[in-house]
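S.K.: fold the following for me, if possible:
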Amino acid sequence: EGGPRERDRSWCARPAGMSRPARRTARFLFIALLLTSLVASAKAEEAAAEQPDAEAAAQAAAAQAAAEPEPIILNCQAAELIEPLTTWSVDCTAQWLENLGFGELKTAFMGNGVDGKALESLTLSTLETDYGMRNEDDRKQMVYSIKDIRKKDNYRGNTNDWQNFLMWLLPCAGVAHWLSMKYEKQIAKLMKKYRKWQEARATPKPLNSAPVPEGQKNDWIDGINSDISGGDKKKTKKTRKVQ
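M.R.: Modelled structure (predicted):
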């Protein structure tokens, strides 16, 4: 049977019937299989370690999305804000708040259905009690802005009516100028007829040629005589100087 060393040698003995190239190939395949298993186990450990991180990131993103409110889409055009305050809709009021720098109040105003008419009735006290505006300067800024809009909506301060008036007046003036250039002769004839009609309608009054009674003076005639006599004197003085 032999000793233990002989038994170990018999266990390590080369398999019978295998050549050296075959043994090398077997060793190479064994080492490749061992490395493949090691790489697979390492990747599995990395995936297991990354999975909690991905879950935590997904939870953090979900919490952030829940904390941030969804953007409010307002149905208000810029031209609508130029219209009078009483015609503003709820969306236009919210858009005005955002333009003024109070975008955080849009949700509260839209929840209460504040349109242009309701915006006119806002005061410093209602802004503080109903909407939580503690800063007095912010409340004054909003109230003064509303007052400015109301002033512009008045007839004297509203320039929109004048703009519309000029927009209609300029085309009409152009058409009138074109017609006057085209029908210049006809217009001149009509003007002559109109002047003759005016002259025939308002006949001049005859001069008062009644004789002046004796012993009375006529200031108008005396003035003309004095002018004539004074002119003759000037002429005689000029002729003397020439001589």
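
S.K.: where do the helices of this protein begin and end?
M.R.: In the chain, the segments counted as helices under DSSP state H are 4-11, 20-67, 90-100, 106-111, 116-120, 124-131, 136-153, 160-182, 184-201, 219-242.

S.K.: and the fourth one, what does it pack onto?
M.R.: The reference is to helix 106-111. Using 3 or more CB pairs under 8 Å, 6 or more residues apart in numbering; DSSP states H and E as the contact test, the elements touching helix 106-111 are helix 90-100. Backbone N, C-alpha and C define where each C-beta goes, glycine included.

S.K.: what's the angle from the helix it packs on to helix 136-153?
M.R.: Comparing the axes of helix 90-100 and helix 136-153 via axes from the mean of the first three to the mean of the last three CA atoms, to 10 degrees yields an angle of 120 degrees.

S.K.: residues in contact with the nearest residue to Gly103 once chain neighbours are set aside?
M.R.: The shortest distance from Gly103 to any residue that is not its chain neighbour, by CB to CB, 6 or more residues apart in numbering, is 6.5 Å, and that residue is Leu97. With contact set as CB atoms under 8 Å, 6 or more residues apart in numbering, Leu97 has these partners: 103, 105-106, 109.

S.K.: turn those into JSON lines, columns for distance to Met133.
M.R.: Rendered in JSON lines, the data for the contacts of Leu97 read as follows (distance: CB to CB, whole Å):
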{"residue": "Gly103", "distance to Met133": "13"}
{"residue": "Leu105", "distance to Met133": "8"}
{"residue": "Lys106", "distance to Met133": "14"}
{"residue": "Phe109", "distance to Met133": "12"}
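
S.K.: list only buried entries from the residues you listed.
M.R.: Burial by neighbour count, 16 or more other CB atoms under 10 Å: within the contacts of Leu97 this picks out 105-106, 109.

S.K.: returning to what we had before: tell me how far the residue nearest to Gly103 lies from Asp153.
M.R.: In this view, Leu97 and Asp153 are 18 Å apart by CB to CB, to the nearest Å.

S.K.: kindly report the same for Leu100.
M.R.: Distance check for Leu100 against Asp153: by CB to CB, it reads 17 Å.

S.K.: those two: which is more packed in?
M.R.: Asp153 (17 against 14; other CB atoms under 10 Å).

S.K.: I appreciate the help and will end here.
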